[in-house]
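Asker: sequence? don't have it. structure:
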Ligand code: T1G
């Protein structure tokens, strides 16, 4: 078994290389081998200086996240960082690709630091519900100052090598890219340091950092506002505060104490779950041996908001686009929208001016379907009408080259019917983008009955190229995300009819962690969207019909875009204020249905809402619309504002207890059937299993 850390000499320079693919995570074996190599360097009389670098695509990806929740094994990472720092001979960190979390903390234990261009340098631990636990909260403030360290640690955002050099986090930006260049640059730097007679320069020798300019109270207030309900950020701030009040050894002990408090929190469990499923979701059961088709050019039909957004996403990924619209002026309007989208990307630093110009040079807007003849994937994004889409696909069938993938962006229509409008149903698939399509990362890949597995594989490969997190879904009304949304929105309607106010529901769910409550979301999307859906679906047995929402539509109160919906939006209250007339509409409907309203607590609102969400998720699994619970979690986390630190609705159910969810549903059931638990929930509860046990199926 090869060692995960190697030691070799380049003259008097010891080169310690971490080689633990895929990301040089500092798991137990790697930590033990790294410690052995540092000890060997200290004892090696030939070696006068050491360089630590990484093999493969990056320096060090941090602690091994899969070890969290298990008993920690020594040597512990903080000890290794201190061992390096206390080394009697200088140690250089030569960084490429990424130095994240414990990876950057190892570098901070070194005496000199170099990074190659394009390297990500960060302390992202709070995004996992923890804090830098190997000295980062103590050493970073000493090196870059308290304010810069607080920003880096509480945001979790990486910095560039150039910014790191400016702040003093690193000493120099090297040249080249990749592990070989990192080694060469590190050795050259070490040789320079030897020539200068450089001595070890431990961070522990730096003075204790000062308190932040704004003071701790302001920092804490800001963190609680920016990260509502989350605990890691304020806890990390407390660790940095210890750095300003204690000597390094005591500060390290306080950091360890604060770190250990976070390790056992539900938020750490939820965030780690989210981290892993966002990667696992792409490994779709049954797709392993499928071969994606080659994609060099994209066609888009329809230049409205979605079509232009999809075209923008393809251009951002360097793919040429041919966009077809019905009329020249519509095609021109689509081009203008795309240009505006790309200008926004340049403004956000996602694209250079030159790349934007080059991308636009590969955009063709036309009214001639024949111009789609060379496209490898054609994505339809026209009006949500089955007849219109079937007509479009008939035309595509006539012009698309053999083997071209024909995709529809429909958000709920039957893709099997659309596929049957062509002579090549095996090449037809759904690519459900979320608006704005060039920004939202979620992509539902909707597999129809006849879709070939290599077409599905092509869709996932395209999604990855577009920077999306793709989730496989089956064909039904609303696929995964919108089908669930429809059901838990009806749970909210049930509660409104029986006494809860829409504003109380929003408050309870925002307190639970949703960025926006369902009524605010509806006002933002436009109440006409919900109205159209209800008209399409009609009244369903056992499901409360929100007549008050239809009344608002009839009053042309469509939400933000008309200044009034569930809330009133005006200069006095730009974020919306409650509307007594909405409560009157609801009271009228309760009276019409003979319902006597009762009080609801915030807890009951959340528990009913979540029980309904989980219940529909279980039915989606029973119907095979989602293959695994993790697919459902990813959809809700990436596309519907579900609080990330709870890991997703199915993770929430596991952490709550499946039997508890079942018992709640049974207690709620009022004879309408709306609340009765899905068979899968009964089965899992009876077998003592949970949804996680289905994620490996
Ligand atoms: N531990 C374990 N596995 C990891 C990992 C990690 N830190 N990072 C990535 N992986 C796995 C990942 O699940 C995937 O597995 C594969 O590696 C490739 O990942 C003490 C306590 C490094 C920028 O937060 O940001 O240090 O799906 O697809 O796009 O204070 O991975 O192939 O089976 O993302 O090239 C802090 C997390 C940990 C970094 C590379 N470190 N990782 O991106 O590859 S906490 C992080 C990343 C800590 C200390 C604390 C990215 C990457 P699979 P990938 P990539």
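Answerer: Sure, I can see it. A quick note: this is a predicted structure, and the numbers were derived from the prediction, not measured. Residues are numbered from 1 along each chain as shown.

Asker: Name the residues linked to residue 10 by a beta bridge.
Answerer: For residue 10, the beta-bridge partners under DSSP bridges are residue 13.

Asker: quick one: which helix or strand includes the closest residue to the ligand within the stretch 451-600 of the chain?
Answerer: Evaluated by CB to the nearest ligand atom, the stretch 451-600 of the chain has residue 464 as its residue closest to the ligand, separated by 10.1 Å. C-betas here are computed from N, CA, C, even on glycine. According to DSSP states H and E, residue 464 maps onto helix 453-465.

Asker: So what touches that helix?
Answerer: Under the contact criterion CB atoms under 8 Å, 6 or more residues apart in numbering, helix 453-465 has outside partners 282, 284, 286-287, 290-293, 295, 317, 319, 377, 405, 407, 426-429, 431, 443, 445, 447, 469-470, 472.

Asker: could you redo the last one with a cut-off of 7 Å?
Answerer: Outside helix 453-465, the residues within contact range by CB atoms under 7 Å, 6 or more residues apart in numbering are 282, 284, 286-287, 290-293, 295, 317, 377, 405, 407, 426-427, 429, 431, 443, 445, 447, 470.

Asker: Now do the contacts for residue 251.
Answerer: Contacts of residue 251 by CB under 7 Å, 6+ apart are 138, 242, 243.

Asker: and it, what element?
Answerer: Take DSSP H and E as the rule and residue 251 turns out to sit in helix 248-263.

Asker: Report the mean confidence score over the next helix or strand after that helix.
Answerer: Per DSSP H and E, the first helix or strand lying C-terminal to helix 248-263 is helix 266-280. Here helix 266-280 scores 95 as its mean pLDDT.

Asker: and the very next helix or strand once past helix 266-280, what's its mean pLDDT?
Answerer: Using DSSP H and E, the helix or strand that follows helix 266-280 towards the C-terminus is strand 298-301. On average, the pLDDT along strand 298-301 is 98.

Asker: Buried residues of the helix or strand just after strand 298-301, list them for me.
Answerer: Per DSSP H and E, strand 298-301 leads on to helix 305-316 as the next helix or strand towards the C-terminus. Within helix 305-316, the residues that count as buried by 16 or more other CB atoms under 10 Å are 306, 307, 308, 309, 310, 311, 312, 313, 314, 315, 316.

Asker: if I read this right, the fourth one contacts residue 435, doesn't it?
Answerer: If I follow you right, that is residue 309. Yes: between residue 309 and residue 435 a contact is recorded at 6.5 Å, counting by CB atoms under 7 Å.

Asker: pLDDT weak spots in this protein?
Answerer: Where the chain drops to pLDDT under 70, the residues are 1, 697.

Asker: okay, now the domains of it?
Answerer: Following the TED database, one gets these domains for the chain: 5-264, 298-475, 481-694.

Asker: will you turn the ones you listed into JSON lines that also has distance to residue 274?
Answerer: Converted to JSON lines, the domains of the chain look like this (distance: least, CB to CB, whole Å):
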{"stretch": "domain 5-264", "distance to residue 274": "9"}
{"stretch": "domain 298-475", "distance to residue 274": "11"}
{"stretch": "domain 481-694", "distance to residue 274": "5"}
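
Asker: Out of the ones you listed, the one nearest residue 277 is which?
Answerer: Closest of these to residue 277 is domain 481-694, at 4.1 Å (criterion: CB to CB).
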